[in-house]
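Colleague: dropping a prediction and its sequence here:
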Amino acid sequence: MILVTGATGNVGRQVVGQLRAAGVPVRALARRPEAAGLPPEVEVAAGDLAEPDTLAAALTGVEAVFLVWPFLTTEGAPGVLDAVTAHTDRVVYLSSSRVRDDVDRQADPISGLHAGMEGVIAKSTAAWTFLRAETIASNALGWAGQIRDSGVVRGPDLAAKPVVHERDVAASAVRVLTEDGHAGATYVLTGPEVVGRADQVRLIGAAIGRTLRFEPVPVAAARARMLADGRPPALVDALLAGADAPAEPPLITTTIRDLTGTPARSFETWARDHRPDFT
């Protein structure tokens, strides 16, 4: 039995589905099981990572945990790890490729959060595996409203990245959750090519048969707009993390192919897979 946290998110849903397809017993964690929106045949257990005392029932009989951390600090993480390791020592954590091992201080809040979580997990008794994912392609789903309404996507023109399909992240997770030999390993997961935001918008347009346009917005203006909309400053900083930093040469890995036997999917493939979300 494998417990999947973040099971209602883009990656977590894929992990649940791929484990089920492989015939692996899986349990999804949700704060409100009745609203999880998962197939009725999926076992959904009530629990909240913000309240470690609520996790015991979900963890009973579990052999491994896929951990997605939904908070902006690691404050409650030690309690969660204590609850997890009381039942199993196998933890696969979805981290970020922004984490650097050769620095004392990470470059931005997102990498700092994930580095902190990796540290908490490493200090526990867990036999951990870290999946450091590059920007996940499903982030582009946030543009759906703009695309449907105007065909113009406005936002900061962040550095181009080898964005990765959530199916490939999930497939990698399924391998390390169900195979031996991955304890203590850190894997960097990327897509097969570097794609900027303008190209992502163009490829979505090609997939849905419309001409779309990306309109860059200065980072300062984007930050002011988000704050004016009432978003908490910590969340705004996290969403725009690294936007002002000098671009570093992107790293493309073959880790997904090495783990799963199948090459990483392109953003073009992702856009075709998600046509209904933009129409």
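Modeller: Here it is on my side, so go on.

Colleague: for Leu141, list the residues it contacts.
Modeller: Asn10, His274, Asp277 (Cβ atoms under 8 Å, 6 or more residues apart in numbering). Any C-beta I mention is one placed from the backbone N, CA and C, and that applies to glycine too.

Colleague: secondary structure class of it, three-state.
Modeller: helix (DSSP: H, G, I helix; E, B strand; the rest coil).

Colleague: all strands for this structure, in order.
Modeller: In the chain, strands defined by DSSP state E lie at 2-4, 26-30, 43-46, 64-67, 90-96, 127-133, 152-155, 186-189, 213-216, listed in chain order.

Colleague: adding mean neighbour count, distance to Ser266 and mean pLDDT, write those out as JSON lines.
Modeller: Supplementary listing: the strands of the chain in JSON lines, determined by neighbours: other Cβ atoms under 10 Å; distance: least, Cβ to Cβ, whole Å; pLDDT from 0 to 100:
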{"stretch": "strand 2-4", "mean neighbour count": "28", "distance to Ser266": "26", "mean pLDDT": "98"}
{"stretch": "strand 26-30", "mean neighbour count": "24", "distance to Ser266": "28", "mean pLDDT": "96"}
{"stretch": "strand 43-46", "mean neighbour count": "18", "distance to Ser266": "33", "mean pLDDT": "96"}
{"stretch": "strand 64-67", "mean neighbour count": "26", "distance to Ser266": "25", "mean pLDDT": "98"}
{"stretch": "strand 90-96", "mean neighbour count": "25", "distance to Ser266": "21", "mean pLDDT": "98"}
{"stretch": "strand 127-133", "mean neighbour count": "23", "distance to Ser266": "16", "mean pLDDT": "98"}
{"stretch": "strand 152-155", "mean neighbour count": "18", "distance to Ser266": "19", "mean pLDDT": "94"}
{"stretch": "strand 186-189", "mean neighbour count": "20", "distance to Ser266": "14", "mean pLDDT": "98"}
{"stretch": "strand 213-216", "mean neighbour count": "16", "distance to Ser266": "18", "mean pLDDT": "96"}
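
Colleague: which of the contacts of Leu141 has the most neighbours?
Modeller: With neighbours defined as other Cβ atoms under 10 Å, the most crowded of the contacts of Leu141 is His274; it has 20 neighbours.

Colleague: quick check: chain neighbours aside, which residue is closest to it?
Modeller: Nearest non-adjacent residue to His274, counting by Cβ to Cβ, 6 or more residues apart in numbering: Leu141, 7.0 Å away.

Colleague: measure the one you found to Ile204 for me?
Modeller: Relative to Ile204, Leu141 is positioned 10 Å away (Cβ to Cβ, to the nearest Å).

Colleague: any common contacting residues for those two?
Modeller: His274.

Colleague: identify the residues contacting Phe66.
Modeller: Contacts of Phe66 (Cβ under 8 Å, 6+ apart): Ile2, Leu3, Val4, Thr5, Gly6, Gly12, Val15, Val92, Leu94, Ala173, Leu177.

Colleague: where in the stretch 101-250 of the chain is pLDDT low?
Modeller: Scanning the stretch 101-250 of the chain for pLDDT under 70 picks out the ranges 242, 244-247.

Colleague: let's see it at 80
Modeller: Segments of the stretch 101-250 of the chain classed as low confidence (criterion: pLDDT under 80) are 234-235, 237-239, 241-249.

Colleague: in it, what residue spans correspond to helices?
Modeller: 109-123, 144-149, 166-178, 197-208, 219-228, 233-239 (DSSP state H, counting those that start in this stretch).

Colleague: okay, the second one in CSV with CA atoms only?
Modeller: Provided in CSV are the C-alpha atoms of helix 144-149 (Å, rounded to 0.1, in the frame of the first residue of the first chain):
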residue,chain,number,x,y,z
ALA,A,144,-6.6,28.9,-19.5
GLY,A,145,-8.9,31.8,-18.6
GLN,A,146,-6.8,34.3,-20.5
ILE,A,147,-6.6,32.0,-23.5
ARG,A,148,-10.3,31.4,-23.6
ASP,A,149,-11.2,35.1,-23.0
